[in-house]
Structures are given as structure tokens and as C-alpha cells.
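Asker: this one's structure only:
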């Protein structure tokens, strides 16, 4: 059973529909207690959605999901982040500058920050070619330089480029997917990326 985190963001229905197409059992988590490392009903967790970095992080803290997600990832249990679910893994974001001298911190499980695209045409909306690392597990069997669907104004800049599983280009070349142990996360929306997106979800779910 796969648990999907619902913190009030959009696109959750499309994620559930994609999993249904793959005949993968999934349901929304009812609360952070279901992410207990020792007693969770879920084998894997997906954290999808869109939203503002600071608002999303505040929601995770208030609901108790922030600490539960940190512990899940620290235990190296299977995790897939999508869009904001990738960005919140980082330490900070230019979308959320310091308030009263206090920095807005992300989950901070991946060293690095999230930066705004330097060009005028922001957000990036639409299909973009994505070059995956050859040893990537989530991109296994997917054609090199396949197209995935993106919609975002900020990109991830990891301190250690070794975690980067794929890159794409929009004003600059940037990391659009990360993998580290059982953790994986992508900036694009696999649930909206046709056959390539379903193939990526199939790789991650193991069906």
C-alpha cells in the first residue's frame, strides 16, 4: 500500500488516477502517525502537490507531517516527492526569504537551496526534454531525453551534485530530479507526463 500525503495542495487527484491506472493500491494518509517508521500501514510514501515554499512548510509543521517525513526519510524508507515535494526537501528557497531575520527552513534532508529562474518568462510551463543519469533507478528503461511536463518558477540547486538523477534546461541547466538511497523526487509532474511519466511511476512503485 502506498500512502499519499494530502496537505491541501492541488493535483492529488491526478496522482491517485495515475496509480489506479498502474493498478497500485494507494490511499491518502490520515495523519502523520501513519508515517510511523515502525508501525506504518504504508510501504512507500508519495508527497505531491504545488504551492508556495513557506506556506507549504508551515502547513507541514502545523500538521505534524514535517517531523514524520524527516524520520521516514532518515530511516531510508521509500519516498517520492513531486514538484513542491522535491523543493521542500532542501534547506531554503528564494521564494521564502527571511522574515524578521529568521530564515524559512525546508525539511533540510538535502543540503542546498531552491532558486528563482533568472529569465523573464516565469514560470516554466509545458513539456521539456529531460536528460537522466544512466544509473538512475526511476528512469530505468525510459528513452534518453524524454519529455516531461513542468510548471514551476523555482529550481533546485543541491550542494552535492551527486544526488542529481536528471537535468533539464530552462534559461540554465539545472537539477530536476534527485535520488539518494530510497529517496527520489522530481520537479516535473509524472502523473501529467503521458507514457514516460507512467513508466517512471511504474519504476518507483515496482509493479
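Answerer: Yep, it's here. Here the structure is a predicted model, which is why all the values come from computation and not from measurement.

Asker: Please report the distance of the closest residue to residue 190 other than its chain neighbours from residue 177.
Answerer: Among residues not flanking residue 190 along the chain, residue 197 sits closest, at 3.5 Å (Cβ to Cβ, 6 or more residues apart in numbering). All C-beta atoms are positioned from the backbone trio N, CA, C, and that covers glycine. Distance, residue 197 to residue 177, using Cβ to Cβ, to the nearest Å: 12 Å.

Asker: what residues are shared contacts of those two?
Answerer: Residues touching both residue 197 and residue 177 (Cβ atoms under 8 Å, 6 or more residues apart in numbering) are residue 188.

Asker: Identify the bridge partners of the residue nearest the centre of the chain.
Answerer: Central residue of the chain (Cα atoms, centre = their mean): residue 81, 2.4 Å from the mean position. Counting by DSSP bridges, residue 81 is bridged to residue 47, residue 185.

Asker: Pretty sure residue 73 is one of the things it touches, is it not?
Answerer: No - applying Cβ atoms under 8 Å as the test, residue 81 and residue 73 come out as separate, 9.5 Å apart.

Asker: overlap in contacts of those two?
Answerer: With Cβ under 8 Å, 6+ apart as the test, residue 81 and residue 73 both reach 89, 183.

Asker: picking that back up, between residue 197 and residue 177, tell me which one has more neighbours.
Answerer: The neighbour comparison of residue 197 against residue 177 (other Cβ atoms under 10 Å) goes to residue 177, with 27 against 21.

Asker: Residue 21: what's it in contact with?
Answerer: With Cβ under 8 Å, 6+ apart, residue 21 has these contacts: residue 198.

Asker: Can you read off the pLDDT for it?
Answerer: In this model, residue 21 is scored at 95, pLDDT.

Asker: That one and residue 44, how far apart?
Answerer: 17 Å.

Asker: With residue 31 instead?
Answerer: 17 Å.
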